[in-house]
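> quick one: sequence and predicted model below, then my questions.
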Amino acid sequence: MTLAPHHPFRSAKARERYLALNDRRAERWPIPSENRTIETSHGWTFMRISGPAEAPPLVLLPGGGNHSLCWLPNIEALSASYRTYALDSIIDIGRSSNNKPLKSGEELADWLDELFDVLQLGQGIRLMGLSFGGWTAAQCALRHPERLSRLALLAPAGTVLAIKPAWLLRMLTTLMPPRRFFIKRVYSWVLADLVATGEPGRDIIEEMTEDLALAYRSFRFKRFTEVPEPSVLSDDELRLLKTPTLFMVGEHETLYSWQEALTRLAQVAPDIVCEVVRGAGHDMTWLKSEQVNRRLLEFLDEPSTSN
């Protein structure tokens, strides 16, 4: 794979424009952080590292079409007790860059495993993922369970249930002009509870719309087409998740039916802890941040057990 100097952006100008906006957004990171870019055989991974240096490691994976700044509502609470590593996905928008396609959950799991080695995180890692990041985290837990002590899956894409076709169709409209219009319309549907809060929620939607619209203009189109499709784990795979696992979902989730998800987990993998966040959907980390943070910390702080 021959890489342009501005890879994965369309041009040097596009890179400069996108990163300038990303820098402005990052000014709201509420606590001190160290920004690092780590090289592995898969490319370069950007991360924001916060929290006490001696604290246990907690690695955070963003949702699709997003990056490390998606943890703005949660990072201060999570970093009080943990050394947090908020990653930009190596195959998505943000400041990370792959040097070859990663087309499967296995390859993404191997990327994380190698990254953990370079960072010298050892074992006992807490791993948390939102949406697509939740699916990626589950893939890592299946293939490298010895690295992990806790696994938190926040409305993971796929994993437990297939994504609704209507959801996928709406996502496809964001590729159509006028993109900004369709992106905002999709966000307003997916994050409807956030919109209902009034001006604060609408401001967040406007910002997300601006960010993704700029990303579409700035990154090579392949950046949006080479991402593996989140799969549904088989019954045997769900049973193989021996790492203590929390499945958290909002009651207004649009990816799939939370009731059906909990029913399947109860039947197939009853050891997985389930939590339903009332009055929220895919926006639960923003809209119900205090509640979500409190429950996550309760789970993460429980004594670890050997895998």
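Structure received. Numbers count the residues shown, from 1 in each chain.
> C-alpha from now on. contacts and neighbour counts both.
Noted.
> now do the contacts for residue 83.
Residue 83 makes contact with 49, 50, 51, 52, 53, 54, 55, 56, 57, 58 under the criterion C-alpha atoms under 8 Å, 6 or more residues apart in numbering.
> not counting sequence-adjacent ones, nearest residue to the second one?
Going back to what we said before, that points to residue 50. Counting by C-alpha to C-alpha, 6 or more residues apart in numbering, residue 33 is the residue found nearest to residue 50 once chain neighbours are left out, at 4.6 Å.
> check residue 114 too.
Here the nearest residue to residue 114 in space, its sequence neighbours aside, is residue 40; by C-alpha to C-alpha, 6+ apart that works out to 6.8 Å.
> for residue 11, same thing?
Spatially, and ignoring its direct neighbours in sequence, residue 11 is nearest to residue 218 (7.6 Å; C-alpha to C-alpha, 6+ apart).
> count of neighbours near that neighbour?
For residue 218, the count of nearby residues is 22 (other C-alpha atoms under 10 Å).
> for residue 113, see how far away the residue nearest to residue 114 is.
For residue 40, the distance to residue 113 equals 10 Å [C-alpha to C-alpha, to the nearest Å].
> before we move on, back to that, out of the contacts of residue 83, list just those in strands.
When the contacts of residue 83 are checked against strands (DSSP state E), the matches are 49, 50, 57, 58.
> summarise which helices and strands the lengthiest helix in the chain is packed against.
With residue count as the measure and DSSP state H as the assignment, the chain has helix 199-218 as its longest helix. Applying 3 or more C-alpha pairs under 8 Å, 6 or more residues apart in numbering; DSSP states H and E, one finds that helix 199-218 makes contact with helix 12-26, helix 179-190, helix 192-195.
> pLDDT weak spots in this protein?
Applying pLDDT under 70 to the chain flags the ranges 1, 304-307.
> which stretches of it form strands?
Assigned by DSSP E, the strands in the chain fall at 34-40, 43-50, 57-61, 83-87, 97-98, 125-130, 148-154, 245-250, 273-277.
> in its sheet, what does the second one sit against?
Going back to what we said before, that points to strand 43-50. Neighbouring strands of strand 43-50 in its sheet, by DSSP bridges, are strand 34-40 (antiparallel), strand 83-87 (antiparallel), strand 97-98 (antiparallel).
> any chance of those strands in JSON lines with distance to residue 302 as columns?
Below are these laid out as JSON lines (distance: least, C-alpha to C-alpha, whole Å):
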{"stretch": "strand 34-40", "distance to residue 302": "27"}
{"stretch": "strand 83-87", "distance to residue 302": "16"}
{"stretch": "strand 97-98", "distance to residue 302": "35"}
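> of all those strands, which one comes closest to residue 155?
Checking those against residue 155 by C-alpha to C-alpha gives strand 83-87 as the closest, at 17.6 Å.
> just want the phi and psi numbers for the residue sitting nearest the centre point of the chain.
A centroid search over the chain (C-alpha atoms, centre = their mean) returns residue 62, at 2.1 Å, as the residue closest to the centre. When quoted as degrees, to the nearest 10, the phi and psi of residue 62 stand at phi -80, psi 170.
> what do you get for the one 10 residues further on?
The phi and psi values for residue 72, taken as degrees, to the nearest 10, are phi -50, psi -40.
> in space, what's closest to it - neighbours in sequence excluded?
On the basis of C-alpha to C-alpha, 6+ apart, the spatially nearest residue to residue 72 that is not a chain neighbour turns out to be residue 29, at 6.2 Å.
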